[in-house]
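Undergrad: predicted model and sequence follow; I will ask about them next.
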Amino acid sequence: MPRATPSSPDATQRGLLVGLFAVYLVLLVWLVLWKLEPPYVGDGALRHIKLVPFAPTTEDGASEPFEVIANLALFVPFGLYLGLLAPSCPWWKLAAVVAGSSLTLEILQYVSAVGSSDVTDLIVNTAGGMAGLGLVVLARRRLGGRTDTVMTRMCSMVTVLFLLAAGIFIASPMQYGPIPNVDLPVLSTPSDPTMRGPTGPSMGLPELRWCHSHARRSAGRPRSAKCTTFRWTWQLRPASGASEVRSSLGL
């Protein structure tokens, strides 16, 4: 017997799904590129590529579990919408669409210098889209002809909740995004004798210069934000005039 082809949603449901998918894509791009901050183009300080997935490297730390789970969850609706709007399309073509979209976002991050491009994100985002496609397949087996109606309602609720969460986040003092043009002050003659440099305890009266930096804010208002991710270059100059020591740190 020929294999049954999943039915497409009717015109009303399809129109609703297309509209919801468009809203989701706008929110996804805004969140991935600008973390719900006003759109901008960076000055190059955040332009970075991490080619080793998940594991730490000499320049970057390991992938944070929370960010991995968040990226996975963000792309599940992508697979849901694709599976509902193109039910007869082969799964590998839909997976290629998800992977290509994720790769496009990573390239845009690099070109616009608004964040680092990470292979981990590409893998996790694609996995999230595949999970959404799998949910559609399971729903069709369990719900049969009611799949489109039930899944359309579910996508509607998820998108509305996404909109509400984004609105609450924007209205709240919580921020998560790069702080542009942050210049940290020069510290000389530190009062803490235990302050340590990259090669051991500081000797004499060193001058610790914090150069131009960018940071990601996790909570608090802009002027008192708690920073969880820094990328900077600092120089330690002993008073004796010894050669300068450079070190790049990522916390």
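TA: That came through fine.

Undergrad: low-confidence stretches in the protein?
TA: When the per-residue scores of the chain are filtered using pLDDT under 70, the ranges that remain are 1-8, 174-251.

Undergrad: quick one: the helices in it?
TA: Assignment of helices within the chain using DSSP state H yields the ranges 11-34, 65-85, 91-112, 119-143, 147-171.

Undergrad: so can I have JSON lines of these showing distance to G42 and mean neighbour count?
TA: Every residue, glycine included, has its C-beta placed from N, CA and C. Rendered in JSON lines, the data for those read as follows (distance: least, CB to CB, whole Å; neighbours: other CB atoms under 10 Å):
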{"stretch": "helix 11-34", "distance to G42": "10", "mean neighbour count": "15"}
{"stretch": "helix 65-85", "distance to G42": "19", "mean neighbour count": "19"}
{"stretch": "helix 91-112", "distance to G42": "6", "mean neighbour count": "16"}
{"stretch": "helix 119-143", "distance to G42": "17", "mean neighbour count": "19"}
{"stretch": "helix 147-171", "distance to G42": "20", "mean neighbour count": "14"}
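
Undergrad: relative to H48, which of the ones you listed is closest?
TA: Across the helices of the chain, the minimum distance to H48, taken as CB to CB, is reached by helix 91-112, at 8.1 Å.

Undergrad: quick one: work out the angle between that closest one and helix 65-85.
TA: 130 degrees (axes from the mean of the first three to the mean of the last three CA atoms, to 10 degrees).

Undergrad: show me what helix 91-112 is packed against.
TA: helix 11-34, helix 65-85, strand 116-118, helix 119-143 (3 or more CB pairs under 8 Å, 6 or more residues apart in numbering; DSSP states H and E).

Undergrad: picking that back up, can you say which of the helices of the chain is nearest to I49?
TA: Nearest to I49 among those is helix 91-112; the distance by CB to CB comes to 6.6 Å.

Undergrad: pull the CA atoms of that closest one into CSV?
TA: Taking only C-alpha atoms (Å, rounded to 0.1, in the frame of the first residue of the first chain), the coordinates of helix 91-112 have been written out as CSV:
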residue,chain,number,x,y,z
TRP,A,91,12.5,15.7,7.1
TRP,A,92,16.1,16.2,6.0
LYS,A,93,15.1,19.2,3.9
LEU,A,94,13.4,20.8,6.9
ALA,A,95,16.4,20.0,9.0
ALA,A,96,18.6,21.7,6.4
VAL,A,97,16.3,24.8,6.6
VAL,A,98,16.7,24.9,10.4
ALA,A,99,20.5,24.5,10.2
GLY,A,100,20.8,27.1,7.4
SER,A,101,18.7,29.6,9.4
SER,A,102,20.9,29.0,12.5
LEU,A,103,24.0,29.4,10.4
THR,A,104,22.7,32.6,8.9
LEU,A,105,22.1,34.1,12.4
GLU,A,106,25.7,33.1,13.4
ILE,A,107,27.0,34.9,10.3
LEU,A,108,24.9,37.9,11.0
GLN,A,109,26.3,38.1,14.5
TYR,A,110,29.8,38.0,13.2
VAL,A,111,29.2,40.5,10.4
SER,A,112,27.4,43.0,12.6
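
Undergrad: tilt between it and helix 11-34?
TA: The directions of helix 91-112 and helix 11-34 differ by 40 degrees, with the same axes, to 10 degrees as the criterion.

Undergrad: ok, residues contacting helix 91-112?
TA: Counting by CB atoms under 8 Å, 6 or more residues apart in numbering, helix 91-112 makes contact with 29, 32-33, 41-42, 47, 49, 75, 78-79, 82-83, 86, 115-118, 121-122, 125-126, 128-130, 133, all of which sit outside it.
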